[in-house]
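Novice: Let me see the structure of the following:
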Amino acid sequence: MNFDLDQEHLDLAGGAREFLSAAASPAAARAALEEGTGVRPGRAELVKSGFATITVPESAGGGGGSVLQLAVVAEQAGRVLAGPSLVNFARAAVLLDGDADRLAGLADGSLGVAVVDDSGPVLDAIGADTFLALRDGALVCGPGAVTAREPIDPTRGLGDVALDETTVLVRDAGERWQRAERVGRTILAAEGLGAAARLLEMGVAYAKDRHAFGRPIGSYQAIKHMLVDVYVEVEQLRSLVWWAAWAAGHAPGELPLAAAAAKAAAATTLEHAAETVIQVHGGIGFTWEHDAHLYWRRAKVDRFLLGDDVAAFDEVARLAMEAAS
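Specialist: Below is the predicted model:
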């Protein structure tokens, strides 16, 4: 069986990379951190591009596409630290299934949605005007007051949300909420994959160009082994992300394990990639002048979004043991 992306997905990745590279960059992330400028490309531009709403049904003005297609785009977003995240769009498309009016608002940008998890700050709360939450087993929707968090990674728009009066959309929404969370974990992992892959490229390029004692530093075993370890982790993560994204549309029974595995691997891989590239760059890598710290900040934040890596690894072990029993 061929587990690689087909030409349609590769073309989609190329188009997403072209758009996102022109609209977002580590330089834009640095400006958001140091000068408080808005994240790039921003919610409006992401919606206008059509990439953010790939999984919204065509009948509501979206792309009518798959989670795998959105994951392909998310990988490219991660490479350039684009914001806001595609995670809320993915989760909202699942949570609002059957709600034609709100899905249409999500697709045309008139509804700025964020999903409230009670375990920590809300991803992309800043800039959102409508919040979805699970309360006593029911899916609710409404406005809220946002208190911005200190921007460790400003492209994540973290904030604490105090919900105002809400409307119940679905009374028994436990399973729907779980599926949306797993789809969100998959897209978050895809963004982590893109960021980790870009870090690896940065490290390899520097190892080829930087010389010490008359030789490229990449010719020394210590540097080789560090980068090869990251390469292996990135490729393992790539397989997990595509598996989870495929399972979302074709094998829902596999999605819980696949999404948990992708989430756990993304958290550890991105952090390891960032720390390795900082080390490979030596003195300059430890300064704020280098872009590596922007990816390191992304790694530190993403590790705790939608549950931390420890909880995800625990879930992988539990699900694997249940399947084997």
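Novice: Low-confidence bits of the chain, can you list those?
Specialist: Scanning the chain for pLDDT under 70 picks out 1-3.
Novice: Tell me which residue is most central in it.
Specialist: For the chain, the residue nearest the mean C-alpha position is L188 (2.6 Å; CA atoms, centre = their mean).
Novice: Which helix or which strand is home to that residue?
Specialist: Secondary structure from DSSP states H and E places L188 in helix 174-209.
Novice: quick revisit: without its sequence neighbours, what residue ends up closest to the residue nearest to the centre of the chain?
Specialist: Spatial nearest neighbour of L188, chain neighbours left out: V87 (5.1 Å); criterion: CB to CB, 6 or more residues apart in numbering. C-betas here are computed from N, CA, C, even on glycine.
Novice: just so I have it, where are all the strands in the chain?
Specialist: Counting by DSSP state E, the chain has strands at residues 113-115, 130-135, 138-142, 144-148, 159-163, 167-170, 211-212, 215-216.
Novice: Take these and lay them out in CSV including distance to H290 and mean neighbour count.
Specialist: What follows is these, written out as CSV (distance: least, CB to CB, whole Å; neighbours: other CB atoms under 10 Å):
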stretch, distance to H290, mean neighbour count
strand 113-115, 31, 26
strand 130-135, 36, 20
strand 138-142, 42, 19
strand 144-148, 26, 15
strand 159-163, 28, 16
strand 167-170, 46, 15
strand 211-212, 18, 11
strand 215-216, 19, 12
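Novice: And those: which comes nearest L305?
Specialist: Among the strands of the chain, strand 113-115 comes nearest to L305, with 10.9 Å by CB to CB.
Novice: ok, that closest one: who's next to it in the sheet?
Specialist: Strand 113-115 pairs in its sheet with strand 130-135 (parallel), by DSSP bridges.
Novice: Residues touching the strand it pairs with, excluding its own?
Specialist: By CB atoms under 8 Å, 6 or more residues apart in numbering, the residues outside strand 130-135 that reach it are 91-92, 95-96, 102, 105, 111-116, 118, 122, 125, 139-144, 161, 163, 166, 169, 173-174, 177.
Novice: ok and that strand relative to strand 138-142, angle-wise?
Specialist: For strand 130-135 against strand 138-142, the angle by axes from the mean of the first three to the mean of the last three CA atoms, to 10 degrees is 150 degrees.
Novice: Now strand 130-135 - C-alpha only, CSV.
Specialist: The C-alpha trace of strand 130-135 is given here as CSV (Å, rounded to 0.1, in the frame of the first residue of the first chain):
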residue,chain,number,x,y,z
THR,A,130,-17.8,33.5,19.2
PHE,A,131,-16.9,30.6,21.5
LEU,A,132,-17.8,27.0,21.5
ALA,A,133,-17.6,25.0,24.8
LEU,A,134,-18.8,21.8,26.4
ARG,A,135,-20.9,22.4,29.5
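Novice: Report the buried residues of the helix holding L188.
Specialist: 176-177, 179-200, 202-204, 206-207 (16 or more other CB atoms under 10 Å).
Novice: Going by residue numbers, what spans are helices in the protein?
Specialist: For the chain, helices defined by DSSP state H occupy the ranges 7-23, 26-35, 43-49, 67-79, 87-95, 100-108, 174-209, 221-250, 255-280, 292-302, 309-324.
Novice: In the second one, which residues are buried?
Specialist: Pointing back at helix 26-35 there. 26, 28-33.
Novice: One more: the first one?
Specialist: Burial within helix 7-23, assessed by neighbour count using 16+ other CB under 10 Å, is assigned to 9, 12-13, 15-17, 19-20, 23.
Novice: Kindly indicate which of the residues you listed lies nearest I223.
Specialist: R17 (27.7 Å).
Novice: okay but that closest one is in contact with A77, surely?
Specialist: No: using CB atoms under 8 Å, R17 is not in contact with A77; the gap is 9.4 Å.
Novice: Could I get the contacting residues of V39?
Specialist: Residues in contact with V39 (CB under 8 Å, 6+ apart) are 24, 28-29, 32, 82-84, 154-155, 157.
Novice: which one of these has the most neighbours?
Specialist: The residue in those with the most neighbours, by other CB atoms under 10 Å, is A82 (31 neighbours).
Novice: Hmm, that one is touching S21, no?
Specialist: No: here A82 does not reach S21: they are 9.2 Å apart, not a contact under CB under 8 Å.
Novice: Which residues are in contact with each of the two?
Specialist: Q76.
Novice: buried residues in stretch 260-267?
Specialist: Buried positions in stretch 260-267, judged by neighbour count with 16+ other CB under 10 Å: 260-267.
Novice: Which of the residues you listed sits closest to S325?
Specialist: S325 has its nearest neighbour among the buried residues of stretch 260-267 in A260, at 17.5 Å by CB to CB.
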